[in-house]
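Enquirer: this one's structure only:
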């Protein structure tokens, strides 16, 4: 896998990237609070899927009427917290 193929960084591609370039199994370190590696993978994949839907299926507003949002504010805040925690866990895994 090259970096050009990393446009949708799902769990599999992320793990492969770290394995290929750093020789690290980052998913083994994806554990914090109520998350284990399997749940973190599922959550990351769900977020990437939602991102794809937002990018490829969102509609432009018609006649000045805004389109419905795909993600509510509370969902966005939860996603941001998850991604920050995932980054922290990934950094710890790469330093181990």
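Expert: Received the coordinates, thanks. Predicted, not measured: the structure shown is a model, and the values here were computed from it. Numbering: from 1, shown residues only.
Enquirer: quick check: longest helix in this structure by residues?
Expert: The longest helix of the chain (DSSP state H) is helix 73-95.
Enquirer: contact partners of that helix?
Expert: 18, 22, 24-26, 28-33, 35, 40, 43-44, 47, 71 (CB atoms under 8 Å, 6 or more residues apart in numbering). Glycine gets a C-beta too; all of them are placed from N, C-alpha and C.
Enquirer: that one: which residues count as buried?
Expert: 79, 82, 85-86, 89-90, 93 (16 or more other CB atoms under 10 Å).
Enquirer: of the residues you listed, which is the nearest to residue 53?
Expert: residue 79 (13.3 Å; CB to CB).
Enquirer: tell me which residue of the protein is furthest from the middle?
Expert: The centre of the chain is farthest from one residue, residue 63, which by CA atoms, centre = their mean lies 33.8 Å away.
Enquirer: per-residue pLDDT of it, please?
Expert: Model confidence at residue 63, given as pLDDT, is 72.
Enquirer: tell me the mean pLDDT over stretch 79-91?
Expert: Throughout stretch 79-91, pLDDT has a mean value of 96.
Enquirer: cool, and stretch 34-50?
Expert: Averaged over stretch 34-50, pLDDT sits at 95.
Enquirer: again with stretch 20-31
Expert: Averaging the model's pLDDT scores along stretch 20-31 yields 94.
Enquirer: how many neighbours does residue 69 have?
Expert: Using other CB atoms under 10 Å, residue 69 has 11 other residues around it.
Enquirer: so it sits in a strand?
Expert: No - counting by DSSP: H, G, I helix; E, B strand; the rest coil, residue 69 falls outside a strand, being coil.
Enquirer: give me phi/psi at it?
Expert: Its backbone dihedrals place residue 69 at phi -80, psi 140, with angles given as degrees, to the nearest 10.
Enquirer: same thing with residue 35?
Expert: Residue 35 adopts backbone torsions of phi -110, psi 140, taken as degrees, to the nearest 10.
Enquirer: check contacts around it.
Expert: Residue 35 sits next to 43, 85 when contact means CB under 8 Å, 6+ apart.
Enquirer: distance of it from residue 13?
Expert: Noted for residue 35: a distance of 19 Å to residue 13, by CB to CB, to the nearest Å.
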